[in-house]
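Asks: Make a model of this:
(2 chains)
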Amino acid sequence: MKKFVLIAITAVMLLTLAYAPSVSAAQLSDIAGTQFEKQITSLVDAGVVAGFPDGTFKPDQEVTRAQFAKLVAVAMNLNSTGFTTSTFSDVAPDHWALGFIEAVAAKGWIKGYPDGTFGPEKNITREEMATLMVRVLGREEQAKKYTEAFVMANDCAKVSEWAFGAVTMAYHTDVQVLTLHSGQIIDPQTPATRGETANAVYFGMKPPAQGGSLTIGMTQEPSKMYPYQNNMAAKSQILNCVLDGWINVVPEGKDIEQKGIYVPVFAQEVPSLENGLVKLNDDGTMEITWHLRKTPIYWSDGVQVTLDDAIFGHDVLINTAIPADSRDPEDAVTKIEKIDENTLHVVYKSEKSGAVYGPAFSLAKHKYEELVSTNPDGFFRSDVNTYPLGHGGYVISSWTVGSSMTLNAREDYHFGPPNIKTLTWLFIPDASTIYARMASGDLDLTIPGIGVATTTAIDNLNSIPGVVFEIHPSSYNEHIDFKMLSFEGVKHPILNDPNDPVAASKVRHAISFALNRDEASTTLYKGYEPAAFSIIPPAVAICYVTKEEIGLDLIPTYNPEKAKTLLDEAGWKVGADGVREKNGSKLALQLSTTNRTDRQQMATIWQKNLADVGIAVSLDFKPGTVFFNDNWAGYKRGFPDMAEFAWGSTDPRYPVTDVYRGDRVATPENPQGQNYTGWQNADYDAQAQIIQDSFDIVKAKEAAVKAMQIWLTDMPGAPLLFTADAALYKARIQGIKDPNWSSITWNVQWWYIE
Amino acid sequence: MGTFIVRRFLQMIPILILISLLTFLLMRLAGPDPAEYMIMLNPRIKPADILAEKIRLGLVSPDGKPLPLISQYLNWLGNLAKGDWGWSRIWPNQTAFGAIMLFLPNSLILMGLALLLSIIVAVPIGIYSALKQYSSFDYTFTTLSFMGMSLPTFWLALMSIIIFHLLPYRVFGFPLFPAGDIVSFGKPYAWQWYDRLWHLALPVLVLAITHMAAWTRYMRSSLLEVIRADYVRTARAKGLPESKVINKHALRNALIPMVTILTLSIPGLFGGALITETVFAYPGVGRMLYQAVVGKDYAVAMADILFLALITIIFNLVADILYAVVDPRIRVS
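Replies: Purely as a prediction, here's the structure:
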């Protein structure tokens, strides 16, 4: 008996050691840089948890239910002494955690299993932890109204019925005691780790602060808020706060490693071939079944969002009396019908992967239907342009055109009230002013891409106290387009000049191999904008292809000797002045680009590189608006030989491969073509079609590899750099996860100010 | 006088028509039209939507046939006569007239205050410089004037932000003056008169400095000319005290050309100040016109240019009339 007592005491001591304060946070060796570093540090410093005697915290180790009870009891300052009897049949009166379990149970936070047991030595699962924490936070009543797990996650269906409400609440903006696992999944039945419990308890003790406001600066002002026309970066940043949709794309990871994960928002799950919600029929048609969440979602005027709104949005988008930037893929819909209140069935005439975003869910039928049917022009000029009715976390409350827009948080937002109550957007056309106003604390945040210039940010990294500088890859690829007046084997009505040097594949390859991209990257961007080797930048994460996947022999790398050999083979021989000649004419080309300072410096590097191999390059810099006016509009292309600019995409799934398709060659009949090179290749076109339409991501990616191989074999353009964007924000703003391809505001509802 | 004014008003009509035709042609011939511009925004736009936009813009007839420039112009002129200014492409739900009315008052306040400040400071300096010609005071302010005239506005504007906004923030923890905007958006005192004035401080200062220089020179040279005139010498010869000579004879006459210059500078108030408005994110009409031209907002650009032309012509006329009023030697006919 004596021996048993001794063993029991030793066991208790050993177990409690796990949470006994013995090592300070600063000394913990295995938490630096991990997901929950901040939360663990804070709890260790507060004496709530402790590391192991060996100086580790083991954030990935699992936690038993008894240990978690102790953690909660300590964190919430419960009196755990004086308990001698146990409420639960499997917790012995001499159990080391009896006091803690009883103290937490007395609060009503622990209820045990229906059979009266507690299972103290079982690992606590994530949904159990969520349940307990929601009770701790006094949100159980609110949780009871949920009949499903309403979370932007891909495994909501796996959540146990008894935990629907708790798991939903656990992810609410003002709770945030659970985080998602890789792939944006809840993993409800997986045991919680020490790090995750620390996070849960941290937010249990200190929920995200409610209140405060943000002042956001950007160089653009939206020309209208109507969702389907005049799309521009500034508008999508704001619309992200005002509107939700069927699904969303969420960034996971940082920088070049960042991936985009599709998650359901209003949809119960993201339709895919695997889950059977997307069906490809033998006749080439495609069917998608959408399931709307059972939880009611409301427009900001209090009217419930229904499938009729989705059908109405579709109808407006295909209504040619109302302008739209693009009606794709809605114009491929042959049938759209409501099966029941929560099920929508849509048939498309061909495979359209873009349909994964669902019939546009951005217009309120009850508000706009009458106007659309009686007076489409009046609808187009109605307050849908200025104060559109939305179902997102914020509502536009005022817009002083030319200056500022104010958004107020919606307390009844379906994922919880946004923590930051007011967003004030300032439209500041001058990027230098934005920088000065970040430095003076005037602004809390600038928008990547339409805020401070990347080069300014790189030069001043860490120079403003309390401001975070993040430079991350953007979805733009800086490249040179060769304007081929003729191309081997291809006859085109307006492109036929055998004397044009860049019409020869060898010359184009020589130029591409002569450019020292690494020099430009290092001298101008300190490597933040890496050398490009294709037209798909890493930010287009889902279709990004690596050098190795393309094949290293195709990748244009700096190799002046190879460039010289290629030029020799093409018949261009070095003349007396060092410039190459053929049939009496010199190899002199013009490089046109915009007059942005860093572009001018870059073009000067290219000029020097090309002079080294015997090509005389003259530079032509124009203001951006003039350059794009001249070059962008259809067949009236203003550049004679080479134009440097960037293409970008706003979705990690879709690269800009489409612009090099043969049917996009700009002609008088097809002025909207954006293939300024004149290059046509049927094999490439087929791959580009697959990239655009295929629902199968593996197939799309394979097509991307093939397309890039074909592109680099013919080299209609020269890849230059994968560009970067600069996000600047005050360090006290918590929760920012900036996607490389789109709006930093995608999760603004969850941000809070510390 | 009456016939003079009527005749001048009648002359305005052909001038305005010519100006509108020229600006119309310049706008239409400069690069692609707004519908083609939409291609840049979205690669997947359909030709049918581009055509619809062209019809909406009046570039193509409703049955899809391209309209010659002259018919486009006549249609635009006809609509204008009917009071239809056309819709803005850039400012939500605004007609061209609405857009101008949105920005013009802001510019008038900014430019008016800047003009007032520069005159209040420059006129006394100019007088003093003229009276003490070649003194060290004169040299100092002549140099400063030329500096004020030559400093680029954008540089001056950024410097003023650094000196009066950023530096005080770094030293005292709060900025002395705001670095832009029209009011403190999101603050309860936004739109109060003192809030507006506080925000006007730096842009007004920058504009005043650039304008001041010219006014100082005008005043100085005008007074110098008068001081050497025979009647001033006569006034001195008949033994008038120097203060009377200057105040009653020299200064009054020296101010006559100033009245003309002032009247002629009023149309400038309606034009706004592009660079200052851009750096300070001030919603003025100068920035509006620039954005309209760059963004191919035909309706707004045309309306604003025509409006500016009208104001300029009117104030030219006013200057002529005023000149006759203040200077009895001049008669209009």
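
Asks: Tell me which residues are up against stretch B:183-199.
Replies: When contacts are defined by CB atoms under 8 Å, 6 or more residues apart in numbering or on different chains, stretch B:183-199 is touched by residues A:213, A:215, A:400, A:403-404, A:406, A:422, A:424, A:426, B:109, B:177-178, B:180-182. In short, each C-beta sits where N, CA and C put it, glycine included.

Asks: switch to 6 Å and redo it
Replies: A:213, A:404, A:424, B:178, B:181-182 (CB atoms under 6 Å, 6 or more residues apart in numbering or on different chains).

Asks: Can you mark which positions in it are buried?
Replies: For stretch B:183-199, burial by neighbour count (16 or more other CB atoms under 10 Å in any protein chain shown) applies to B:183-186, B:190, B:195, B:198-199.

Asks: Quick check: end-to-end length of that stretch?
Replies: By CA to CA, to the nearest Å, the extent of stretch B:183-199 from end to end equals 6 Å.

Asks: Past the host helix or strand of residue A:203, which element shows up next along the chain?
Replies: Assigned by DSSP states H and E, residue A:203 falls within helix A:194-205. Of the helices and strands lying after helix A:194-205 in sequence (DSSP H and E), the nearest is strand A:213-218.

Asks: What strands flank that next one, and is each parallel or antiparallel?
Replies: Here strand A:213-218 has these sheet partners by DSSP bridges: strand A:422-427 (parallel), strand A:445-446 (parallel).

Asks: just to revisit the earlier point, pick out the most distant pair among the buried residues of stretch B:183-199.
Replies: The distance between the two most remote of these (CB to CB) is 15.1 Å, for B:186 and B:198.

Asks: How many residues are close by residue A:410?
Replies: Per other CB atoms under 10 Å in any protein chain shown, the neighbour tally for residue A:410 reads 20.

Asks: quick one: contacts for it?
Replies: Applying CB under 6 Å, 6+ apart, the residues near residue A:410 are A:300, A:393, A:395.

Asks: Which residue is the nearest non-sequential neighbour of the first one?
Replies: Spelled out, that is residue A:300. Leaving aside its sequence neighbours, residue A:300 sits nearest to residue A:395 (CB to CB, 6 or more residues apart in numbering or on different chains; 4.8 Å).

Asks: any idea which element the residue in the stretch 401-550 of chain A that chain B sits nearest to lies in?
Replies: Closest to chain B within the stretch 401-550 of chain A is residue A:402: 2.9 Å, counting by CB to the nearest CB. Using DSSP H and E, residue A:402 sits in no helix or strand.

Asks: circling back: okay if I get the contacts of stretch B:183-199 as a markdown table plus distance to residue A:65, pLDDT and neighbour count?
Replies: Shown next, in a markdown table, are the contacts of stretch B:183-199 (distance: CB to CB, whole Å; pLDDT from 0 to 100; neighbours: other CB atoms under 10 Å in any protein chain shown):
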| residue | distance to residue A:65 | pLDDT | neighbour count |
| --- | --- | --- | --- |
| A:213 | 41 | 95 | 18 |
| A:404 | 52 | 95 | 25 |
| A:424 | 46 | 96 | 22 |
| B:178 | 56 | 94 | 23 |
| B:181 | 55 | 92 | 24 |
| B:182 | 59 | 93 | 25 |
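
Asks: For those, work out which two are farthest apart.
Replies: Pairwise over the contacts of stretch B:183-199, using CB to CB, the maximum falls at A:213 and B:182, 18.4 Å.

Asks: could you pull out the helices for the stretch 201-333 of chain B?
Replies: B:230-237, B:242-244, B:252-271, B:274-279, B:285-294, B:298-326 (DSSP state H, counting those that start in this stretch).

Asks: now the ones you listed in TSV, with mean neighbour count?
Replies: As requested, the helices of the stretch 201-333 of chain B are exported to TSV (neighbours: other CB atoms under 10 Å in any protein chain shown):
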stretch	mean neighbour count
helix B:230-237	13
helix B:242-244	10
helix B:252-271	17
helix B:274-279	24
helix B:285-294	23
helix B:298-326	19
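
Asks: Using a markdown table, please lay out these together with distance to chain A and mean pLDDT.
Replies: Converted to a markdown table, these look like this (distance: least, CB to the nearest CB, whole Å; pLDDT from 0 to 100):
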| stretch | distance to chain A | mean pLDDT |
| --- | --- | --- |
| helix B:230-237 | 49 | 90 |
| helix B:242-244 | 48 | 88 |
| helix B:252-271 | 16 | 90 |
| helix B:274-279 | 5 | 94 |
| helix B:285-294 | 5 | 92 |
| helix B:298-326 | 12 | 90 |
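
Asks: sorry, back to before: with the contacts of stretch B:183-199 in mind, which one is nearest to residue A:754?
Replies: Checking the contacts of stretch B:183-199 one by one against residue A:754 (CB to CB), the nearest turns out to be residue A:213, at 14.4 Å.

Asks: what's near enough to touch the closest one?
Replies: A:422, B:186.

Asks: If we use 8 Å, what do you get?
Replies: Counted by CB under 8 Å, 6+ apart, residue A:213 has contacts A:420-424, B:186.
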